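S.K.: Structure of the sequence below:
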Amino acid sequence: MSAVRGPAPRLVLVHGYMDGPAVWQRVLDHLDGLAPTATCVQLAPIGDGQRSSAELLEAYAHQVHAECARSASGEPIVLVGHSMGGAVAELAAAKGIEALMGLVLVTPSPLRGVPLPTDVMRRFATRAALTDRNEIRAGKRALAVGLDAAAQDILATATLETGEAFALEQLRAWTGGHPQGQAPSQVDVPVQIVATDDKFFTADLLRQESARFRDVTLGHVAGAGHWPHLEQPALLAAAIEGFIARIRPTASR
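M.R.: Numbers count the residues shown, from 1 in each chain. Modelled structure (predicted):
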């Protein structure tokens, strides 16, 4: 009697702050068997300046939950979230997604929020209003380790397409966080947290945050800063594939 692997999961990927679906293409290029059915979520603005950070994150999580229901149709899902998208993906997973197999959090923003000093918050708000591609590219390089020119352009385009109003809305969401982040996570599937050499969401910070999850592994992608899917896509793809191999169910025949 031999073991047979269950069906390959569908990836649903959630972008981070001031990013968009295009940031995932490089890593999808290294995930040949998973790429054809992958869904890259495009988060949409809520447009309500009165909503709290928790309400904003809940609204984004609802968008992800709805996309999973539309695109997967009962197929097994592995949800992947980067940066702010990590907090959003955790909330979506905690709501209960049909056939969810696992959750991958790539340099994720802690769900509890990241309160910033006033001067740092002002600097982020100023960057949200930038329209000069060279200035935007310089800001991205400051948080990266191996971001080539083409990757900088991908990020600059995503920032410009986000627009100032939506960027400020996102900024309020991930810095303010959600009360669920102060307690053990409600996610009940295996979790892979991917740390890098990021100086913002550091490996030490993510190690501390990993204690909130019941079934978690902590990996590291070397030679990357905040965007390993653009800086070291092959290494991140290998980490995702390794995680899926570990959690993918088997059946005897």
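
S.K.: ok, and the closest non-adjacent residue to R127?
M.R.: Leaving out its chain neighbours, the residue that sits closest to R127 by Cβ to Cβ, 6 or more residues apart in numbering is G139, at 5.3 Å. Glycine gets a C-beta too; all of them are placed from N, C-alpha and C.

S.K.: any idea which element that neighbour lies in?
M.R.: helix 133-141 (DSSP states H and E).

S.K.: what's that helix packed up against?
M.R.: In terms of contacts (3 or more Cβ pairs under 8 Å, 6 or more residues apart in numbering; DSSP states H and E), helix 133-141 is packed against helix 149-162.

S.K.: and A35, what pLDDT?
M.R.: According to the prediction, A35 has pLDDT 88.

S.K.: P190: neighbour count?
M.R.: Around P190 there are 19 other residues, counting by other Cβ atoms under 10 Å.

S.K.: From L56, how far off is it?
M.R.: 27 Å (Cβ to Cβ, to the nearest Å).

S.K.: Distance-wise, check L91 relative to L56.
M.R.: 11 Å.

S.K.: Flag every buried residue along the longest helix anywhere in the chain.
M.R.: When the chain is parsed with DSSP state H, its longest helix is helix 53-72. Residues of helix 53-72 classed as buried by neighbour count (16 or more other Cβ atoms under 10 Å): 53-54, 56-61, 63-65, 67-68, 72.

S.K.: Dump those into CSV; add distance to P115 and pLDDT as well.
M.R.: CSV is the format used below for the buried residues of helix 53-72 (distance: Cβ to Cβ, whole Å; pLDDT from 0 to 100):
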residue, distance to P115, pLDDT
S53, 10, 97
A54, 14, 98
L56, 16, 98
L57, 15, 98
E58, 19, 97
A59, 21, 97
Y60, 19, 98
A61, 21, 98
Q63, 25, 97
V64, 24, 97
H65, 27, 94
E67, 29, 93
C68, 30, 92
A72, 35, 68
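
S.K.: now, which of those sits nearest G219?
M.R.: Nearest to G219, judged by Cβ to Cβ, of the buried residues of helix 53-72 is V64 at 22.2 Å.

S.K.: Just give me the neighbour total for the residue nearest to the closest one when sequence neighbours are not counted.
M.R.: Using Cβ to Cβ, 6+ apart and skipping the chain neighbours, the partner closest in space to V64 is A92 (4.0 Å). A92 has 30 neighbours, counted by other Cβ under 10 Å.

S.K.: This completes my enquiry, with thanks.
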